[in-house]
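Novice: model this:
(one chain, ligands or ions: 2)
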Amino acid sequence: MPDQALNDARTSPAAVWTKLESLKGDDLIAWRTADVPDRPSPDERKLDDRFPFGWFAVSYSDELAIGEVKAVRYFARDLVVWRGEDGQARVLDAYCRHLGAHMGYGGRVNGNDLECPFHAWQYNENGAVTRIPYARMIPPQAKRDNCVRAWPVVERNGLVWLWYHPDNVAQLFEIDSYSEVGSPGWTAYKKFEWRVFNSIGNMHDNGLDMAHFFYVHRTAAFPESETVIEGHRMRSVARAKLGTPRGEVDGAIVSQNSSPGQGCVRFTGISETLLVSAVTPVERDQLHVRFAFTQPQAEAEGPMGGLARALIRDICKQLDQDKIIWDRQRNEPEPLMCDGDGPVPMARERYAQFLSAEAFERAKGKTRRIETKPRV
Ligand code: FES
Ligand SMILES: [Fe+2]
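Specialist: Ligands and ions are numbered 1, 2, ... in the order given. You can find the predicted model right below:
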């Protein structure tokens, strides 16, 4: 590589980098969320038409002020998010059961309730109508919970999370907390986002798809890793020599994930970094991916700040590289696999827990350990 310094241990670019090399700065940021208009239909790509259950981010906490109402679209549904005067975030389906206004546009917060912009009916967090200012009586049906469907919400790690279950089953597990987020000495989030045109199931394969790390991300070798799947949780530790502009360093990457939409990755070696990742389905073939990074201030703002920033750039570049594949990838329900592929089938088995209550129950209390060794 003519433009790389002699002691730069990064390997040469993979094929997908040629597309990315021409994208820099604002163009790259715009590309990450731009439409891919000529992609094949979800049916042609055989994409799963189910969304998994679990916790999914719908907003950053600091992007939803007290009294603010936001329209969002996730799970192929229009939703409305608001923060009441008590500081709590709430989510309902967006359409008012009176005459169908979308409450995310012009709706306002009244106390802790949401007021529809059309005729001022007010809803509480359970989706029940609490007030109709011009009526003597609220219709009994409107007073019931879920008159407009309400979604359980928890705020943690600086994000607003919604519990999604297609059959309205109450939450089956908690969201992990990450102690670094908001701690003194740690930077405020650096936020990045993508629209990935694929199903969340295909994206979920990625962490255990060992061969792609070399061919797509050009990691120096297939990483050596240990993954433990315990019930619905997955935790993996990968050790690798990390290529940096200043040579190779020993690095460890520890990731934990309680459900397909919610996880974190801790990087050590170059610069300590916590990545909080949130993947939320938008449509059958579209995902909203959020990456939020926090680092120790002493490293991020000190003399080694350049390395801390470079690490974030490299991690985002990996997502860019995957996105080029993901945006047009088809689902292969029965893939042809080879002996070097690593544990992709186990990733799929683990993912299946979030599609069926029976599979979730069956996996409870079971532990599987998967080790991968460098091959190239
Ligand atoms: S449509 Fe919402 S109050 Fe009439
Ligand atoms: Fe990847």
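Novice: wait, what's in contact with L311?
Specialist: The contact partners of L311, by Cβ atoms under 8 Å, 6 or more residues apart in numbering, come to F267, I270, S271, T273. C-beta here means a position set from N, CA and C on the backbone, and glycine is covered the same way.
Novice: change it to 6 Å
Specialist: I270, S271, T273 (Cβ atoms under 6 Å, 6 or more residues apart in numbering).
Novice: which of those come close to ligand 2?
Specialist: When Cβ under 5 Å from the ion is taken as the criterion, no member of the contacts of L311 contacts ligand 2.
Novice: Show me which of these is closest to W151.
Specialist: T273 (31.3 Å; Cβ to Cβ).
Novice: And the closest residue to the closest one other than its chain neighbours, how far from ligand 2?
Specialist: Spatial nearest neighbour of T273, chain neighbours left out: F267 (4.3 Å); criterion: Cβ to Cβ, 6 or more residues apart in numbering. According to Cβ to the ion, to the nearest Å, F267 and ligand 2 sit 15 Å apart.
Novice: where does F267 fall, phi/psi-wise?
Specialist: When read as degrees, to the nearest 10, the backbone of F267 gives phi -110, psi 130.
Novice: Counting neighbours, what do you get for it?
Specialist: For F267, the tally of surrounding residues (other Cβ atoms under 10 Å) stands at 22.
Novice: Then L287?
Specialist: 23.
Novice: again with A34
Specialist: Using other Cβ under 10 Å, A34 has 11 neighbouring residues.
Novice: I175 too?
Specialist: When neighbours are counted by other Cβ under 10 Å, I175 comes out with 20.
Novice: Go ahead and confirm it touches N157.
Specialist: No. The criterion here is Cβ atoms under 6 Å, and I175 misses it with N157 at 7.6 Å.
Novice: any idea how far the residue of the chain most remote from its centre is from Y123?
Specialist: In the chain, counting by Cα atoms, centre = their mean, R136 sits farthest out from the average C-alpha position, at 45.3 Å. Plainly put, R136 is 19 Å away from Y123 if you go by Cβ to Cβ, to the nearest Å.
Novice: Which stretches in the stretch 201-350 of the chain count as strands?
Specialist: Remark: strands assigned in the stretch 201-350 of the chain by DSSP state E, counting those that start in this stretch are 224-230, 233-244, 247-259, 262-268, 273-283, 286-294.
Novice: what's next to the longest one, contact-wise?
Specialist: Judged by Cβ under 6 Å, 6+ apart, the contacts made with strand 247-259 from elsewhere in the structure are 7, 9, 54-55, 176, 233-242, 263-270, 354.
Novice: quick one on the thing from earlier: lowest average confidence across the strands of the stretch 201-350 of the chain, which one?
Specialist: Among the strands of the stretch 201-350 of the chain, strand 233-244 has the lowest mean pLDDT, at a mean of 81.
Novice: How about it and ligand 2, any contact?
Specialist: No. Using Cβ under 5 Å from the ion, strand 233-244 stays clear of ligand 2, coming no nearer than 12.0 Å.
Novice: and that strand, what other elements does it pack with?
Specialist: strand 224-230, strand 247-259 (3 or more Cβ pairs under 6 Å, 6 or more residues apart in numbering; DSSP states H and E).
Novice: closest one to ligand 2 among those?
Specialist: Proximity to ligand 2 (Cβ to the ion) singles out strand 247-259 among the helices and strands packed on strand 233-244, at 11.9 Å.
Novice: Around ligand 1, pick out the residues from the stretch 1-150 of the chain.
Specialist: C96, H98, L99, G100, A101, C116, F118, H119, W121 (Cβ under 6 Å from any ligand atom).
Novice: Please check the residues you listed and keep the buried ones.
Specialist: Buried members of those, counted by 16 or more other Cβ atoms under 10 Å: C96, H98, A101, C116, W121.
Novice: about what we covered before: can you tell me which of the helices and strands packed on strand 233-244 comes nearest to E21?
Specialist: Using Cβ to Cβ, the nearest of the helices and strands packed on strand 233-244 to E21 is strand 247-259, at 23.4 Å.
Novice: And the residue of the stretch 201-350 of the chain that's closest to ligand 1?
Specialist: Per Cβ to the nearest ligand atom, V282 is where the stretch 201-350 of the chain lies closest to ligand 1, at 24.7 Å.
Novice: if we can go back for a sec, reformat the buried ones among the residues of the stretch 1-150 of the chain next to ligand 1 as CSV; add pLDDT and secondary structure.
Specialist: Shown next, in CSV, are these (pLDDT from 0 to 100; DSSP: H, G, I helix; E, B strand; the rest coil):
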residue, pLDDT, secondary structure
C96, 98, coil
H98, 98, coil
A101, 98, coil
C116, 98, coil
W121, 98, coil
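Novice: want to throw these into CSV with distance to N202?
Specialist: Shown next, in CSV, are those (distance: Cβ to Cβ, whole Å):
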residue, distance to N202
C96, 35
H98, 40
A101, 36
C116, 38
W121, 41
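Novice: Find the pair from these with maximum spatial separation.
Specialist: Taking Cβ to Cβ as the measure, these span a maximum distance of 9.1 Å, between A101 and W121.
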